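Trainee: Here is the input, now give the coordinates:
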Amino acid sequence: MSTGSEREPERPVSTPPSGQRVWQTDMLTDLFQDPLDGGYTDAARARRERGPLASSTRWTRRGFTVVVCVVIGVLLAVAYLQVIARAPARATTRVELIKDINRRTADTDKLDQRAESLQDEVNGLRERELSDTAISQLRELEAATGVRKVTGDGVVVTLSDGPNASSERLARILDLDLQLVTNALWAAGAEAISVNGRRLTSVTPIRTAGSAILIGNAHIIGPYEVAAIGPSDLADDFNDSATADTYRKLRDDKRLELGFDVDEKDDLELPAAVMPRLQFAHVPQPSPSPSGTPTPSTSPSGGGK
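Mentor: As a prediction, this is how the structure comes out:
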């Protein structure tokens, strides 16, 4: 036994002839030459050593495969038949919903016309009882508050969604856009404004309910026409505003192409807004004094404000 560390004898290394390349075996070469994992090779060898399966086993497996395929086919056929059977019902329901929407929309329009007619009748009866001075003041107040129909020259600002509104949020017209435009028109001197035929008053909100834009309680859809009556320089003052400049940039943006147009119009007619529900304060009636003498009212007229 040798006391030193044992070393294996060195293998002679053959030197290749000059100019000849030596190819070394690496992992990628082994992978391409033998792509199957060793486990598959062992399984195939064990199957060969075990021999062919029994005839009963083979038929059992084939029968199980056939049953599974039949069950899957039946399930797919049943699902398809159910979809086909429900299609007419869905189509019928959709048609009925559209009819119901159109019917209710028509009823709402009729009620709006009826309300406007009754409002005109009330105005006529009220003016019959007032003096000329009071009537003139009343008409001015009604025109300023939006509860009277007005006509005059002005401007129409049209806003519409861009072609990429489905993917670009900035390409959609929102309630904020209508708020900005109407506020800019008020600041430019507008005396009366309507949006898609809905007159704005000092208490009319412009808001969003889900994906819809509401003017008061009325649902409107684009394109949105903001009509304003005001002085002769209304269009120029609005075009010089920062709001108009912003929407011109959004219109010229090739990615958004938001619809924005400003047109001067003559003889615009803005409808009256529906009369808002007013609330009154009442002064309580005087209570009798202990001596039976009524206590004088705190207001000489006995009314409230």
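
Trainee: separation between the closest residue to S241 other than its chain neighbours and D237?
Mentor: In this structure, S241 finds its nearest non-sequential neighbour in A184, 4.7 Å apart by C-beta to C-beta, 6 or more residues apart in numbering. C-beta here means a position set from N, CA and C on the backbone, and glycine is covered the same way. A184 sits 9 Å away from D237, going by C-beta to C-beta, to the nearest Å.

Trainee: who has more neighbours, those two?
Mentor: More neighbours surround A184 than the other of A184 and D237, with 22 against 18 (other C-beta atoms under 10 Å).

Trainee: For the lengthiest helix in the chain, give the mean pLDDT please.
Mentor: Secondary structure of the chain per DSSP state H: the longest helix is helix 55-128. Helix 55-128 carries an average pLDDT of 86.

Trainee: for stretch 175-190, same thing?
Mentor: Stretch 175-190 shows a mean pLDDT of 95.

Trainee: what sits up against that stretch?
Mentor: 154-155, 157, 159, 193, 195, 200, 206-208, 213-214, 224, 226, 228-231, 233-234, 237-238, 241-244, 247 (C-beta atoms under 8 Å, 6 or more residues apart in numbering).

Trainee: Just the buried ones from those?
Mentor: Buried residues within the contacts of stretch 175-190, defined by neighbour count using 16 or more other C-beta atoms under 10 Å: 154-155, 157, 159, 193, 195, 200, 206, 213-214, 224, 226, 228-230, 234, 237-238, 241, 243-244, 247.

Trainee: rewinding a little: please list the members of the contacts of stretch 175-190 that lie in strands.
Mentor: Assigned to strands by DSSP state E, the following of those qualify: 154-155, 157, 159, 193, 195, 206-208, 213-214, 224, 226, 228-229.

Trainee: quick one, phi psi at the residue nearest the centre of the chain?
Mentor: Note on the chain: the residue nearest the mean C-alpha position is S211, at 3.3 Å, using C-alpha atoms, centre = their mean. According to degrees, to the nearest 10, the main-chain angles of S211 amount to phi -100, psi 10.
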